[in-house]
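>>> Need coordinates for the following:
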Amino acid sequence: GGGGGGGGGAGIRRQPTTAPPIVNNGGGGGGGGGAMMVVANGGVRLTGNINLDGGVGNIGVAGANSGAGGGGGGGSLVVRASGNVEVGSTAEISAVGGLGGDQTTNGNLMQAGDGGDGLILFETNGSLVAPGSVDDGSLNPTPAQSPGSSYGISSGPIETGSGVTDLAFTQVDSPYLIDTVAGTITTFGGTDMGVVGTDGVFEIANLTVLDGAIINATGANSLFLRASGFVNIEGTINVSGQDGGFPDLTTDPLDPIPGAGGVPGPGGGAGGEGGSTLDAVTLTNGEAGGVPAGVPASLIFTIPPGGDPGTPVPPDQIEAASGGESSSGDIAAACTVGGGGGGGYAESGANGSGAGDCGGVFPNAGSGGSAYGTSSFLVPDPDNPGASIALEVGGLGGAGGGAVFDTGTTTALASTGGGGGGGYLEIAAAGPLTIGETALINARGGDSYLAPEGCGAGGAGAGGVIRIRGKSRVVIDPLATLDVRGGYANDIPGAPGL
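Numbers count the residues shown, from 1 in each chain. Down below sits the predicted model:
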């Protein structure tokens, strides 16, 4: 612990008479802060208050010749753990020295010295995460805006692989393409980079993404970049879902082609195709948004035939965004159909809206996809009660909007597609991992666009995942951008005729 502060000196003041002199006692010194040691064979998480401050020195008796006591020294806290150590954002740990007594308040010019600060030491064989190690401004949305953004101790082992090949991505050969199904990394000119991926996992020695470099990724598998050495990212990595498509109403006006669903980022869910019509009875609803290929079938909730569309989703299951229902009616008489639901991930997707009266029929708008993402990336195993399974996938795709056949003008119409879900990107390093000020990592959901008059628009895709994992030092510059926002719905399209 800290040493105690020295006591203030006493003074003797003689009376102007023959009375005995007066002794002015000095102030006592502050006590030293305590000592605490925590030793754990496992992990330690601190979220409360630990105060090991030194005590404040007292002032002496009023007068010009007594001294104040010095401040006590700060104490010491030592935490030793074989596992991870996390200092939560609510924790307050203090071991500062106490203030020296201020005798000047009593007309004295003497000021006692402050105690020295103590020691706070964390020793761990795992990872250390403390407040301030990540600037929230780099995360979009921030942890305050969405439960999907967080940082802390890893929920499981950090796998960094045993790669032996260094990779350096430059502006000259950009954009690069990573295909998680083919297991290839190629330059803009088609040159293979020489690292073969398996099921979306690419093992590298040292990874460098220079300022100006651009990496795009695609494929049904999530993307894992594992470095046995260091990682330094200054450029752009994009695993976002693509925007939903526009319908083609002009090539064959009697048989319009609905807008395609947006292609997902690697490991995300595809956007649903827009609805279409041929005549007043041949109607195709907007397609449901896609669920990522990596989600086990036992986790996907589907309404049984004849079931109630409003049936609540059971806990720990995932429901895709549903498409808007197509219908027929007179658009001039306010017949409109509903939009597709937005994809979900950390939060549920928004429901579609906009359905109106189509000759006494009110078409159903699509519902948003369910929330299922967790910061631990672990979910209950539906086939093994009490156990958990890893769920390392991106966001759900947005659903396609409903279409209307305009009976007033006998015009067949089609609608816009839903945006693709953002992908899953995991970057792990055994050595230092740095994301610099010029870095831009995108895992956004794809946008969806306004539909032809009377039709419902497709829903936007959910944002995906950016997971940064380090066994050593992890630094994310405050000016870097990590963006996992969902796509924008009802954007104004640039296609003619819409």
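
>>> which element is residue 434 on?
strand 433-435 (DSSP states H and E).

>>> how about that strand: buried residues?
Buried residues in strand 433-435, counted by 16 or more other CB atoms under 10 Å: 433, 434, 435. C-beta: built from backbone N, CA, C; applies to glycine.

>>> just for this protein, where's the confidence low?
Low-confidence segments of the chain, defined by pLDDT under 70: 1-29, 60-68, 88-90, 103, 105-110, 126-156, 303-311, 314-315, 373-376, 493-498.

>>> Quick one: end-to-end distance for stretch 389-401.
34 Å (CA to CA, to the nearest Å).

>>> For it, list every residue counted as buried.
389, 391, 392, 393, 394, 395, 396, 397, 398, 399, 400, 401.

>>> of all the residues you listed, which comes closest to residue 183?
residue 392 (17.2 Å; CB to CB).

>>> A helix includes the closest one, no?
No: according to DSSP: H, G, I helix; E, B strand; the rest coil, residue 392 belongs to no helix; its state is coil.

>>> OK, contacts around it?
222, 267, 294, 377, 424, 426, 465, 467 (CB atoms under 8 Å, 6 or more residues apart in numbering).

>>> before we move on, what about residue 51?
Residue 51 makes contact with 92, 94, according to CB under 8 Å, 6+ apart.

>>> is it in a bridge, and if so with what?
residue 94 (DSSP bridges).

>>> What's the separation between the residue lying closest to residue 229 once chain neighbours are set aside and residue 408?
Once flanking residues are discounted, residue 229 sits nearest to residue 206: 4.0 Å by CB to CB, 6 or more residues apart in numbering. Counting by CB to CB, to the nearest Å, the gap from residue 206 to residue 408 is 65 Å.

>>> hang on, the earlier thing: if I read this right, the residue nearest to residue 229 contacts residue 233, doesn't it?
No: between residue 206 and residue 233 there is no contact under CB atoms under 8 Å: 11.9 Å.

>>> who's more crowded, these two?
More crowded of residue 206 and residue 233, by other CB atoms under 10 Å: residue 233, with 28 against 17.

>>> Check whether residue 298 sits in a helix, strand or coil.
Judged by three-state DSSP, the three-state class of residue 298 is helix.

>>> I'd guess residue 104 is in a strand, am I close?
No: going by three-state DSSP, the assignment for residue 104 is helix, not a strand.

>>> Could you verify my assumption that it touches residue 59?
No: counting by CB under 8 Å, residue 104 does not reach residue 59; the two are 9.1 Å apart.

>>> Of those two, which one has the most company?
Neighbour count, other CB under 10 Å: between residue 104 and residue 59, residue 59 has more, with 24 against 12.

>>> Check the secondary structure at the more buried one for me.
Look at residue 59: counting by three-state DSSP, its state is coil.

>>> so how far is residue 113 from it?
With CB to CB as the criterion, residue 59 and residue 113 are 14 Å apart.

>>> okay, now the closest residue to residue 395 other than its chain neighbours: neighbour count?
Distance criterion CB to CB, 6+ apart; nearest residue to residue 395, sequence neighbours excluded, is residue 462 at 3.0 Å. The number of residues packed near residue 462 is 41, by other CB under 10 Å.

>>> so residue 462 makes contact with residue 418?
No: if you go by CB under 8 Å, residue 462 and residue 418 don't touch, sitting 10.4 Å apart.

>>> I'd say residue 426 and residue 221 touch.
No: at 11.6 Å, residue 426 does not count as touching residue 221 under the criterion of CB under 8 Å.

>>> which of those two has more neighbours?
Between residue 426 and residue 221, residue 221 has the larger neighbour count (other CB under 10 Å), namely 26 against 21.
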